[in-house]
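Asker: predicted model and sequence follow; I will ask about them next.
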Amino acid sequence: MYSFTEENYIKAIYKLSANGTQEVNTNSIAEALDTKAASVTDMLRKLSNKGIVHYVKYRGVTLSEQGERTALQVIRKHRLWEVFLVDKLKFNWDEVHEVAEELEHINSDLLIKRLDEFLGYPKFDPHGDPIPSENGEMNLKQQKLLAEMEVNDSGIVVGVNDTQPLFLQYLDKMGIFLGAKVKVIDRIAYDNSLEINLENKKNLVVSSEVSRNIFLSA
């Protein structure tokens, strides 16, 4: 069992390491967690002593197998709670992240097992992110950023790269949601924005930044 803070570090390292495949530097962790590099160094030493990370001062840090398992379990809890909040308590998808950040630290394997069963064993959270199984396995979608699509390409919205409330609220306002059908009508050379057709009903223009944060089925 790990503390609230330790679990946040473990999860941050996992995400910054591209799901455990790259080394992560101290400054990246400090920026992600809005803390000082010296505090990160102290925590990395602590996690190293517990066998959670492989850490050498002035070099990158990686998670051990135990660290990866822990990160995936925290992520599993977070995403299951997001499904519960949206599907059962009728939260909007832009309202659930901070609440799930608190709930993910509840340490009860039985509770999470019952929650998973109650929800019907969902594979993806309300933002389209895969939910790890009890064994840490994830169903990964074949997906592509809207920004990478060519004119006349089409697909279904399957996820978002940015889960900040302001971005999700923007998508709601534009009528863009998971499962929506999108076709690229034109790419505007001036700023690389895209004209898209949504749900075969209306055309919209989305900025290059927005298009880099929407995943479509590949």
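Answerer: Yep, it's here. Numbering: from 1, shown residues only.
Asker: just the helices from the protein, written as ranges.
Answerer: When secondary structure is read from DSSP state H, the chain shows helices at 4-16, 26-33, 37-49, 65-87, 97-103, 109-118, 165-174, 208-211.
Asker: of those, which approaches residue 137 most closely?
Answerer: helix 65-87 (8.9 Å; CB to CB). (Each C-beta comes from the backbone N, C-alpha and C, glycine too.)
Asker: can I see the domain layout of this structure?
Answerer: Following automatic domain parsing, one finds the domains of the chain at 4-63, 143-217.
Asker: make CSV from those domains and add mean pLDDT to it.
Answerer: Converted to CSV, the domains of the chain look like this (pLDDT from 0 to 100):
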stretch, mean pLDDT
domain 4-63, 93
domain 143-217, 97
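Asker: residue 101: which of those domains is closest?
Answerer: For residue 101, the closest of the domains of the chain is domain 4-63, at 8.4 Å, according to CB to CB.
Asker: off-centre distance for that closest one?
Answerer: Distance of domain 4-63 from its chain centroid, counting by CA atoms, centre = their mean, to the nearest Å, is 18 Å.
Asker: leaving out the residues flanking it, which one is nearest to residue 27?
Answerer: Of all residues not flanking residue 27 in the chain, residue 37 sits nearest, at 5.9 Å (CB to CB, 6 or more residues apart in numbering).
Asker: any idea how far that neighbour is from residue 31?
Answerer: Distance of residue 37 to residue 31, computed by CB to CB, to the nearest Å: 9 Å.
Asker: kindly report the same for residue 59.
Answerer: Note on residue 59: its distance to residue 31, by CB to CB, is 18 Å.
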